[in-house]
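Peer 1: Quick check, what structure comes out for this input:
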Amino acid sequence: MPVKNRFAELHDEITAWRRDIHEHPELLYDTHRTSALVADKLGAFGCDEVVTGIGRTGVVGVIKGRSTGSGKVIGLRADMDALPILEATGLEYASKTPGSMHACGHDGHTAMLLGAAKYLSETRNFDGTVVVIFQPAEEGGAGGREMCEDGMMDRFGIQEVYGMHNWPGKPAGSFAIRSGPFFAAADQWEVRLKGFGGHAAKPHVTVDPVVLSAQVVMALQTIASRNADPIDQVVVSVTSIESSSKAFNVIPQEVHIKGTARTMSRDMRALVERRLTEICTGIATAAGGSADVHFYKGYPVMANHEDATEFAAKVATDVSGACENAPMVMGGEDFAFMLEERPGAYILVGNGDTSDVHHPEYNFNDEAIPAGCSWWAGLAEQRMPAT
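Peer 2: You can find the predicted model right below:
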């Protein structure tokens with residue numbers, strides 16, 4: 001099953017949808033225009049059911065096959081939200097909303113799943129039910145968790161679920177996947193180091209939280225280098241340091257440090273949380289200060305299920321001729337919540353030689369559309385073959 005001819009015919013139309021969505025980016029759960037566009041198109045395609053407001057602004061479409069005797073139901077998920085980035089592509093369809101842009105390709109994901117939904121609604125060449133899922137707030141808002149907590153899986157009887165993300169640097173339309181842990185748990189942390197401020201010319205009568213912050217930043221690097229097993233993946237990054245003083249000659253009372261932690265297992269996640277607290281508290285206490293440490297758990301590890309991964313890779317190979325083994329990714333992905341609810345898999349589709357995601361010059365490559373749509377459609381037709 002190479003790229004389906006129907007998607008070559010629909011390529012220009014799907015591209016137009018994608019560029020329209022790109023031109024009107026929306027953040028987190030405020031995907032009102034995009035959600036309405038998706039719902040309108042699913043209705044026009046002839047979906048058997050279109051439901052809005054799942055997980056606040058999510059949209060779900062139900063497409064029944066020529067027969068449903070198999071009782072199988074698979075979910076196909078795309079994300080819809082953009083990022084708070086000022087676009088610098090100079091494209092004629094660039095964002096019309098200053099400070100917001102589709103810098104991660106969710107416009108392409110949504111357009112490809114819409115294209116697959118149109119095809120599946122036309123052909124219905126499968127025995128079972130396809131549930132197309134359009135999710136808001138992937139970029140930090142946990143929209144996947146919201147849709148699950150809204151009862152989506154049980155309400156629509158979803159038995160397996162599949163997701164896709166474009167990947168710059170891989171040839172457009174090629175695929176890569178891995179079984180097991182794939183995307184990292186993405187957590188945030190912050191520390192308030194409290195000392196005793198004073199005149200910068202009299203450091204001996206102060207407890208300097210700036211010096212403590214320097215010690216903390218360096219000591220946190222030992223979590224990866226001295227606490228973690230060298231073959232276990234972990235990233236602890238300090239991303240912000242701010243003091244309560246704005247003057248050159250004042251030692252502040254307090255320094256605020258923020259950062260992120262990325263891990264690939266529950267044990268490592270727990271280790272990072274424990275050592276972060278121990279290191280910050282220990283350094284501060286030894287100097288006569290204190291540390292207020294908070295660890296905020298974000299997206300869990302996204303782990304592909306083995307059987308579903310093998311199946312997804314087979315469909316991808318049928319489409320493009322090959323499916324590579326993907327490396328682990330230390331970025332987070334809230335499709336993890338759906339994979340905790342149901343078996344399934346997440347795949348990467350090549351975006352070609354483009355700027356990386358989350359960059360102001362990034363743009364989804366429309367040449368990937370036929371392959372992405374064919375993979376979506378192939379999942380339905382091969383997992384639930386018509387009898």
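Peer 1: When you work out contacts or count neighbours from here on, use the C-alpha atoms and nothing else.
Peer 2: OK.
Peer 1: Kindly list the main-chain dihedrals of His24?
Peer 2: phi -130, psi 70 (degrees, to the nearest 10).
Peer 1: can you tell me which residues contact it?
Peer 2: Ser95, Lys96, Thr97 (Cα atoms under 8 Å, 6 or more residues apart in numbering).
Peer 1: Now restrict those residues to buried residues only.
Peer 2: With neighbours counted by 16 or more other Cα atoms under 10 Å, the contacts of His24 contain buried members at Ser95.
Peer 1: Break down the stretch 1-150 of the chain into its strands, ranges please.
Peer 2: Secondary structure of the stretch 1-150 of the chain by DSSP state E, counting those that start in this stretch: the strands cover 49-54, 58-64, 73-79, 129-135.
Peer 1: Deepest in the core, which of those strands is it.
Peer 2: The highest average neighbour count among the strands of the stretch 1-150 of the chain, using mean count of other Cα atoms under 10 Å, belongs to strand 129-135 at a mean of 28.
Peer 1: so which strand or helix has the residue nearest the centre of the chain?
Peer 2: The centre of the chain sits closest to Glu333, judged by Cα atoms, centre = their mean, with a distance of 3.1 Å. For Glu333, there is no host helix or strand (DSSP states H and E).
Peer 1: again, but for Val293
Peer 2: With DSSP H and E as criterion, Val293 is part of strand 290-299.
Peer 1: Show me what the longest helix along the chain is in contact with.
Peer 2: Counting residues, the longest helix found in the chain (DSSP state H) is helix 266-286. For helix 266-286, the external contacting residues (Cα under 8 Å, 6+ apart) are 185, 191, 193-194, 212, 215-216, 219-220, 223, 228, 232, 234, 261-263, 290-293, 295.
Peer 1: In helices, which of the residues you listed fall?
Peer 2: Per DSSP H, the subset of the contacts of helix 266-286 in helices is Leu212, Gln215, Val216, Ala219, Leu220.
Peer 1: neighbour-wise, which of those leads?
Peer 2: Greatest neighbour count in the ones in helices among the contacts of helix 266-286, by other Cα atoms under 10 Å, goes to Leu212: 24 neighbours.
Peer 1: Identify each buried residue in stretch 238-250, please.
Peer 2: Neighbour-count burial for stretch 238-250 [16+ other Cα under 10 Å]: Val238, Ile241, Ser243, Val250.
Peer 1: out of the residues you listed, who's nearest Val38?
Peer 2: Nearest to Val38 among the buried residues of stretch 238-250 is Val238, at 38.8 Å by Cα to Cα.
Peer 1: So what sits opposite that closest one in the bridge?
Peer 2: For Val238, the beta-bridge partners under DSSP bridges are Gly259.
Peer 1: so how far is Val216 from Asn227?
Peer 2: Distance of Asn227 to Val216, computed by Cα to Cα, to the nearest Å: 15 Å.
Peer 1: Also Ser320?
Peer 2: Remark: distance between Ser320 and Val216 (Cα to Cα) = 49 Å.
Peer 1: Derive a ChimeraX selection command for the buried subset of the contacts of helix 266-286.
Peer 2: Selection of buried members from the contacts of helix 266-286 for ChimeraX, criterion 16+ other Cα under 10 Å:
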select :185,191,193,194,212,216,220,223,234,261,262,263,290,291,293,295
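Peer 1: burial count for Ala308?
Peer 2: Neighbour tally, Ala308, other Cα under 10 Å: 19.
Peer 1: Look at it and report its pLDDT.
Peer 2: You'll see Ala308 listed with a pLDDT of 98.
Peer 1: Regarding Ser225, what is its secondary structure?
Peer 2: What DSSP: H, G, I helix; E, B strand; the rest coil gives for Ser225 is helix.
Peer 1: export the longest helix of the chain as PDB, just CAs?
Peer 2: Extracted in PDB, the C-alpha atoms of helix 266-286 (Å, rounded to 0.1, in the frame of the first residue of the first chain):
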ATOM      1  CA  ARG A 266       9.400   6.500  37.100                       C
ATOM      2  CA  ASP A 267      12.500   5.600  39.300                       C
ATOM      3  CA  MET A 268      14.600   8.300  37.700                       C
ATOM      4  CA  ARG A 269      11.800  10.800  38.000                       C
ATOM      5  CA  ALA A 270      11.600  10.100  41.700                       C
ATOM      6  CA  LEU A 271      15.400  10.300  42.100                       C
ATOM      7  CA  VAL A 272      15.500  13.700  40.400                       C
ATOM      8  CA  GLU A 273      12.800  15.100  42.700                       C
ATOM      9  CA  ARG A 274      14.500  13.700  45.800                       C
ATOM     10  CA  ARG A 275      18.000  14.900  44.900                       C
ATOM     11  CA  LEU A 276      16.800  18.300  43.800                       C
ATOM     12  CA  THR A 277      15.400  18.900  47.300                       C
ATOM     13  CA  GLU A 278      18.300  17.400  49.100                       C
ATOM     14  CA  ILE A 279      20.900  19.400  47.200                       C
ATOM     15  CA  CYS A 280      19.100  22.800  47.400                       C
ATOM     16  CA  THR A 281      18.200  22.400  51.100                       C
ATOM     17  CA  GLY A 282      21.600  21.100  52.100                       C
ATOM     18  CA  ILE A 283      23.600  23.900  50.400                       C
ATOM     19  CA  ALA A 284      21.300  26.600  51.800                       C
ATOM     20  CA  THR A 285      21.300  25.200  55.300                       C
ATOM     21  CA  ALA A 286      25.100  24.800  55.400                       C
END
